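Q: here is my input; please provide its structure:
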Amino acid sequence: MSKTRAQKSKHGGSRPRTSNIFSMFDQTQIQEFKEAFNIIDQNRDGFIDARDLSEMMLSLGKEVPEKYVEGMLDEARGNLNFTMFLTLFGEKLSGTDPEDVIKNAFACFDEEGTGKIHEDKLRELLTTMGDRMSDKEVDELFVGAPIDAKGNFDYVSFTHILKHGTKDD
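A: From the prediction side, this is the model:
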């Protein structure tokens, strides 16, 4: 078995797709993240696992419960290699949630599971629930948003645009 296949099976199969996270940072920043990754990757296998995180925390004088470490690793949604490490930092620094989290938030209000919510219903939700938006803010959100002729807001496409930009970007 090849080394790559052995690592793949050792660490749980296929990896999640990531956008081109390397374009978010300049080469100096990427090198700094790589150095940090290598410090945390205590066993130097190219992946950060629970043992690596626990040992790193202990070296900083902090003993943490196993559930805390597991919670940190759960954010990776897959193997925590350098690309996923960089993706997590990119998401934290850009201030947006991962794509699936955003889609799932919209899906809570999509009773038929179509990937769409009527714009009137979405406007009502955005202006009456949680961190309420003004009508003007909702109008700004809808400018250029994927809304079909029947007034259905395509939140799947919107989420993709939000995370990856449009083809024109």
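
Q: what's the pLDDT at the residue positioned nearest the centre of the chain?
A: By CA atoms, centre = their mean, the mean C-alpha position of the chain lies nearest to Pro98, the distance being 2.5 Å. We have a pLDDT of 74 for Pro98.

Q: what sits closest to it if chain neighbours are left out?
A: Glu91 (5.9 Å; CB to CB, 6 or more residues apart in numbering). (C-beta placed from N, C-alpha, C; glycine too.)

Q: what helix or strand is the one you found on?
A: helix 82-94 (DSSP states H and E).

Q: which elements pack onto that helix?
A: helix 27-40 (3 or more CB pairs under 8 Å, 6 or more residues apart in numbering; DSSP states H and E).

Q: tilt between the helix it packs on and helix 82-94?
A: 120 degrees (axes from the mean of the first three to the mean of the last three CA atoms, to 10 degrees).

Q: burial of Lys116, as a residue count?
A: 22 (other CB atoms under 10 Å).

Q: what sits against it?
A: 110, 148, 152-156 (CB atoms under 8 Å, 6 or more residues apart in numbering).

Q: do Asn38 as well
A: If you count contacts by CB under 8 Å, 6+ apart, then Asn38 has Arg44 around it.

Q: tell me which stretches of the chain form strands.
A: Shown for the chain, the strands assigned by DSSP state E span residues 116-118, 152-154.

Q: could you tell me which strands sit next to the first one in the sheet, and their orientation?
A: Here strand 116-118 has these sheet partners by DSSP bridges: strand 152-154 (antiparallel).

Q: show residues contacting the partner strand.
A: 114-119, 122, 142, 145-148.

Q: so which of those comes closest to Asn104?
A: Nearest to Asn104 out of the contacts of strand 152-154 is Gly115 (CB to CB; 12.0 Å).

Q: re the thing from before, in the helix holding Glu91, what counts as buried?
A: Neighbour counts using 16 or more other CB atoms under 10 Å place 82, 84-91 of helix 82-94 among the buried residues.

Q: and the strands of the chain as JSON lines, adding distance to Tyr68 and mean pLDDT?
A: Converted to JSON lines, the strands of the chain look like this (distance: least, CB to CB, whole Å; pLDDT from 0 to 100):
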{"stretch": "strand 116-118", "distance to Tyr68": "36", "mean pLDDT": "96"}
{"stretch": "strand 152-154", "distance to Tyr68": "38", "mean pLDDT": "96"}
